[in-house]
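# Requesting a structural model of the entry that follows:
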Amino acid sequence: MDGGTGSQARLAAVAEWLASLRHGLVIADVAWETAMSDLRLLAVNYVVRRQLEALEATVVLAGSGFGHLAVGFVRPALDELLWTAWVTDLPKAVAHELLLDMGQYDAVRSLVAQRDFVGDQVMQQLWYPVAFLDTAADRENELKGGLKKRGEALGWGKRVSPPADWVAEQTGRGPLYRYLHSATSRSLHFSMGEVMRHGWGEPGGVLTTLQSEFRSNRADFALYQLPQLFLETLLKCDSLHGWAGVDFDVADEEQARQFLTVSERLAACGAVPLVDAREWNLGPEGPVGY
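Down below sits the predicted model:
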């Protein structure tokens, strides 16, 4: 894992790379009529913007000593890469209708869940008429049935939405999914494995969940993975960029050279593994005994 100077060098390289990237990357608004004819464009616009902001937030967190928390940004970026890669290759009409149904289902499902939690009286205070809520509940069931039919037609089975591992296999990214999913799920949900990873100590002593080297490794892992996922997502949906309001173009040769230089500097920082050998009591000389 990176330690001390290496981590600081990586953080500086990512920050410099982001600053250079911002000079050439434009994320503009999307025309309403354009997006409503192909929702992939709205998805691409949002995904590129969200991943860029997550990267910038990671730099802020890492600079404040909380970069290990940014591992939670990796899972959304992974899912976004898988989904944009898949729907980009689907026929336009098929992708649009699928995304439309998914978006509407997510919306009404959240609305129905809120109604179930707070009750009709509170919902009416929030301006929701009962008749509107009843219609939303009916629409939820309708959309759920429609998505299951789409699942049968598109190959993921009788489920409302395709499993992430299925989407990964469709895009040829099964190994990437299995690798990153093992890290990111534990960062987003309760995981005893993650609890034990954070507990460092020796028999007869104490356990600490504040191990600076481990936290540094997690920050480095996020700083390594997020730029890669962002670039791969950006490249995969390149055919939709123009219509999606996304453009990446350096103004002159000097800016092009600068971006190439900072990209090479970032690449020179090297890869960061998910699992540190010291978690398994392994060191450069072999097993570490107690």
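
# Give me the contacts around stretch 258-265.
For stretch 258-265, contacts defined as CB atoms under 8 Å, 6 or more residues apart in numbering pick out 13, 16, 17, 20, 21, 23, 24, 250. (Each C-beta comes from the backbone N, C-alpha and C, glycine too.)

# From these, which shows the smallest pLDDT?
Scanning the contacts of stretch 258-265 for pLDDT, the smallest score is found at residue 250, 73.

# Just the buried residues of the contacts of stretch 258-265.
Buried members of those, counted by 16 or more other CB atoms under 10 Å: 13, 16, 17, 20, 21, 250.

# show me the contacts for residue 162.
Counting by CB under 8 Å, 6+ apart, residue 162 has contacts 151, 154, 156.

# Any chance of a markdown table for these, columns neighbour count?
Formatted as a markdown table, the contacts of residue 162 follow (neighbours: other CB atoms under 10 Å):
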| residue | neighbour count |
| --- | --- |
| 151 | 18 |
| 154 | 15 |
| 156 | 18 |
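
# State the phi and psi torsions of residue 237.
With angles defined as degrees, to the nearest 10, residue 237 sits at phi -100, psi 20.

# Let me know whether it touches residue 88 as I believe.
Yes. Between residue 237 and residue 88 there is a contact at 5.3 Å, judged by CB atoms under 8 Å.

# just to revisit the earlier point, between the contacts of stretch 258-265, which is closest to residue 200?
Ranked by distance to residue 200 (CB to CB), those are led by residue 13 at 27.6 Å.

# so the closest one, which of the three states?
Applying DSSP: H, G, I helix; E, B strand; the rest coil to residue 13 yields a three-state assignment of helix.

# surely it meets residue 269?
Yes. With contact defined as CB under 8 Å, residue 13 reaches residue 269; the gap is 5.5 Å.

# which helix is the longest one in the protein?
The helix spanning the most residues in the chain, taking DSSP state H as the definition, is helix 92-118.

# which helices and strands sit right next to that one?
helix 39-63, helix 74-89, helix 130-154 (3 or more CB pairs under 8 Å, 6 or more residues apart in numbering; DSSP states H and E).

# Provide the secondary structure category for the residue lying farthest from the centre of the chain.
Largest separation from the mean C-alpha position in the chain: residue 204, at 40.4 Å (CA atoms, centre = their mean). Taking three-state DSSP as the rule, one finds residue 204 in the coil state.

# And for residue 272?
Per three-state DSSP, residue 272 ends up coil.

# Not including adjacent chain positions, what is the nearest residue to it?
Nearest residue to residue 272, sequence neighbours excluded (CB to CB, 6 or more residues apart in numbering): residue 224, at 4.1 Å.

# So, low pLDDT: which residues of the protein?
The model of the chain has pLDDT under 70 over residues 1-5, 289-290.

# In a markdown table: the contacts of residue 162, plus distance to residue 261.
Below are the contacts of residue 162 laid out as a markdown table (distance: CB to CB, whole Å):
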| residue | distance to residue 261 |
| --- | --- |
| 151 | 47 |
| 154 | 44 |
| 156 | 44 |
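
# May I see the contacts of stretch 258-265 organised as CSV, with distance to residue 193 and secondary structure added?
Compiled in CSV, the contacts of stretch 258-265 are given as follows (distance: CB to CB, whole Å; DSSP: H, G, I helix; E, B strand; the rest coil):
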residue, distance to residue 193, secondary structure
13, 30, helix
16, 35, helix
17, 32, helix
20, 38, helix
21, 35, helix
23, 41, helix
24, 41, helix
250, 44, coil
